[in-house]
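Student: got a predicted model here, sequence first, then my questions.
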Amino acid sequence: MTLLEYLFWLCAVLVGYTYAGYPALVWFLSWFFGKVQSPPESREETLPSLTLVLSAFNEESVIGERIQNALDMDYPHDKLELLIGSDGSTDGTDDIVRSFASPRVRLLSFSKNRGKASVINDAVATAHGEILLMTDANTHVDRAAPRNLVRWFADPKVGTVVGRLILNDREGGQNADGLYWRYETFLKRRESLLDGLLGANGAIYAIRTELFTPIPEDTIVDDFLIPLVAKIRSACKIIYDDEAIAREETAPNLISEFRRRVRIGAGGYQAIGMVWRLLDPRTGWISFTFFSHKILRWLCPFFLIGMVLLCIPLADQLFYKTFLILQVVSYTTLGYLGLRSQIRMPKPIRGASMFVIINLALLCGFFSWLSGSQKGSWMRTSRSRETESFIVSGCNLPSKTRGEIDESDSNAL
């Protein structure tokens, strides 16, 4: 076997391990070494004070409903405050927030649009709660979620608790969790058992206020970075709680969601330089999960490209020639189906298309990060009541969009 063949099979093995081998291995390791964790018992009088932190930019279509949802949460009124940071909103967002007479609602209105990271930093600096509940403007949090999250903090070793996000179809309101989202949720559960959970999702997670560290203003994926920086600082636990539930609508079209994936991908490459210390084996299982779940996945687009390029000089052999043709045809076809077709595809085809789209988004995200064109400023995904008009740096995407999003789509990379 030649060097080129060794390199080809190395790329193939790494791709296979990342998407299939690692899930099987983490399941086995969590079954063998993992610890099933139960939240400590908590009493009403010992519940910590809680500050819900929500940053918003031009969210007049959802902000009123979101605040009312937060006010209706099952948590002692005297221990809950809502902190809304409006990042230079130019619509009616600020007026809607001010219309709530509740003393529990505080508005921080910033005249200049600086980006989500800056708003979070400034908002947390004024928070009164012992625990921060981080959430998004378009998220609906179940009434019991705050109690389910904060009960874990009776254990002083717990620093962050991540809730479960359920995706709802924007038309029928039904659960739209697809194969890939269920796949990611499975990994979260297993990694949590190993104390190797990676980051959070911005829709619902709680963190001790004392562990929050201000993040750089150009941070792209704050929900990934904030919990991991806290873990580096304090070696605290990051817990996943299936019973702390939040719900969001899926994006109105696949192009809109693809753009969010590009942004998340760029944020992932950016975050490596900030949390690389987690690769130290002395950090425990999280070094294994970080390398296998994130680092290798972020490298997979280059492994796939490597497999194509390595097949070219090996094309005098029938296997590599055939595989080269299959790669080019399948990537082109599946990418087109994923971004353009309105035809409902069979699940295996949707899964394969999802694989191609994820890696294309990561590739675009890499070049966006490398060029510095992807900033920490707002890149909202349009709500179902809005018309999309966004541009993604690093990917030349047309403005025409699909009307529906495939149910296999998700919010994570």
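Tutor: Thanks, I have it.

Student: next, the distance between the ends of stretch 101-112.
Tutor: 25 Å (Cα to Cα, to the nearest Å).

Student: in it, what's buried?
Tutor: For stretch 101-112, the neighbour count (16 or more other Cβ atoms under 10 Å) marks R104, V105, R106, L107, L108, F110 as buried. Yep, even glycine has a C-beta here, placed from its N, CA and C like the rest.

Student: contact partners for the second one?
Tutor: With contact set as Cβ atoms under 8 Å, 6 or more residues apart in numbering, V105 has these partners: I67, L71, E81, L82, I84, V97.

Student: pretty sure the third one contacts I67?
Tutor: So that's E81. No - E81 lies out of contact with I67 (Cβ atoms under 8 Å); the separation is 12.0 Å.

Student: between these two, which one's more packed in?
Tutor: Taking other Cβ atoms under 10 Å, E81 and I67 do not tie; I67 has more neighbours (24 against 21).

Student: hang on, the earlier thing: restricted to strands, list the buried residues of stretch 101-112.
Tutor: Mapping the buried residues of stretch 101-112 onto strands (DSSP state E) picks out V105, R106, L107, L108, F110.

Student: take those and write them to JSON lines, including distance to R143 and pLDDT.
Tutor: Converted to JSON lines, those look like this (distance: Cβ to Cβ, whole Å; pLDDT from 0 to 100):
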{"residue": "V105", "distance to R143": "18", "pLDDT": "96"}
{"residue": "R106", "distance to R143": "21", "pLDDT": "95"}
{"residue": "L107", "distance to R143": "23", "pLDDT": "96"}
{"residue": "L108", "distance to R143": "25", "pLDDT": "95"}
{"residue": "F110", "distance to R143": "30", "pLDDT": "94"}
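
Student: follow-up on the earlier one: got the buried residues of stretch 101-112 as a markdown table, with distance to A125 columns?
Tutor: As requested, these are exported to a markdown table (distance: Cβ to Cβ, whole Å):
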| residue | distance to A125 |
| --- | --- |
| R104 | 19 |
| V105 | 18 |
| R106 | 13 |
| L107 | 15 |
| L108 | 10 |
| F110 | 13 |
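
Student: tell me how many other residues crowd R208.
Tutor: Here the number of neighbours of R208 (other Cβ under 10 Å) works out to 20.

Student: do the one 10 residues further on as well
Tutor: The number of residues packed around D218, counting by other Cβ under 10 Å, is 14.

Student: now name the helix or strand holding it.
Tutor: In the assignment (DSSP states H and E), D218 maps to no helix and no strand.

Student: that one reaches S118, doesn't it?
Tutor: No - using Cβ under 8 Å as the test, D218 is too far from S118 to be in contact (9.4 Å).

Student: ok, and for the helix or strand containing W31, which residues are buried?
Tutor: W31 belongs to helix 22-33 when assigned by DSSP H and E. In terms of neighbour count (16+ other Cβ under 10 Å), helix 22-33 has its buried residues at Y22, P23, V26, W27, L29, S30.

Student: G351: which of those is nearest?
Tutor: Closest approach to G351 among those (Cβ to Cβ): P23, at 13.6 Å.

Student: give me the nearest residue to that closest one, chain neighbours excluded.
Tutor: With Cβ to Cβ, 6 or more residues apart in numbering as the criterion, P23 has its nearest non-adjacent residue at 6.3 Å, and that residue is L187.

Student: do C236 as well
Tutor: In space, C236 is closest to G159, 2.7 Å off (Cβ to Cβ, 6+ apart).

Student: following the strand or helix carrying Y269, which helix or strand comes up?
Tutor: Assigned by DSSP H and E, Y269 falls within helix 254-275. Using DSSP H and E, the helix or strand that follows helix 254-275 towards the C-terminus is helix 285-289.

Student: contacts for that next one, please.
Tutor: 26, 29, 33, 191, 194-198, 231, 278-281.

Student: swap in 10 Å and give it another go.
Tutor: 22, 25-26, 29-30, 33-34, 187, 190-198, 228, 231-232, 235, 238, 275, 277-281, 293 (Cβ atoms under 10 Å, 6 or more residues apart in numbering).

Student: mind showing which ranges of the protein have poor pLDDT?
Tutor: 169-178, 251-254, 256, 340-344, 374-412 (pLDDT under 70).

Student: could you redo the last one with a cut-off of 90?
Tutor: 1, 35-46, 101, 138, 166-185, 199-202, 248-261, 333-355, 357, 371-413 (pLDDT under 90).

Student: grab the longest strand from it for me.
Tutor: strand 237-249.

Student: and it, how far out from the chain middle?
Tutor: Taking Cα atoms, centre = their mean, to the nearest Å, one finds strand 237-249 lying 12 Å from the centre of the chain it belongs to.

Student: can you check stretch 121-130 too?
Tutor: 23 Å.

Student: what of stretch 67-75?
Tutor: 24 Å.

Student: between the two ends of that stretch, what distance do you get?
Tutor: Span of stretch 67-75 from end to end, Cα to Cα: 14 Å.

Student: show me which residues of it are buried.
Tutor: Burial within stretch 67-75, assessed by neighbour count using 16+ other Cβ under 10 Å, is assigned to I67, N69, A70, L71, M73, Y75.

Student: ok, of the residues you listed, which one's closest to L50?
Tutor: The closest of the buried residues of stretch 67-75, once distances to L50 are taken by Cβ to Cβ, is Y75, at 6.1 Å.

Student: if I look at the closest one, how far off is S102?
Tutor: Y75 sits 13 Å away from S102, going by Cβ to Cβ, to the nearest Å.

Student: phi and psi next, for L80.
Tutor: phi -130, psi 130 (degrees, to the nearest 10).

Student: please, where are all the strands along the chain?
Tutor: Taking DSSP E to define them, one finds strands in the chain at 50-56, 80-87, 105-110, 131-135, 140-141, 158-168, 204-208, 237-249.

Student: the second one pairs with which strands?
Tutor: For strand 80-87, the paired strands and their directions (DSSP bridges) read strand 50-56 (parallel), strand 105-110 (parallel).

Student: thought G284 was touching L197?
Tutor: No - between G284 and L197 there is no contact, the gap being 11.6 Å when judged by Cβ atoms under 10 Å.

Student: more neighbours, the two?
Tutor: Higher neighbour count among G284 and L197: L197, with 27 against 15, using other Cβ under 10 Å.

Student: just to revisit the earlier point, so who does the residue nearest to P23 touch?
Tutor: 22-23, 26-27, 30, 196-198, 240, 289, 292-293, 412.
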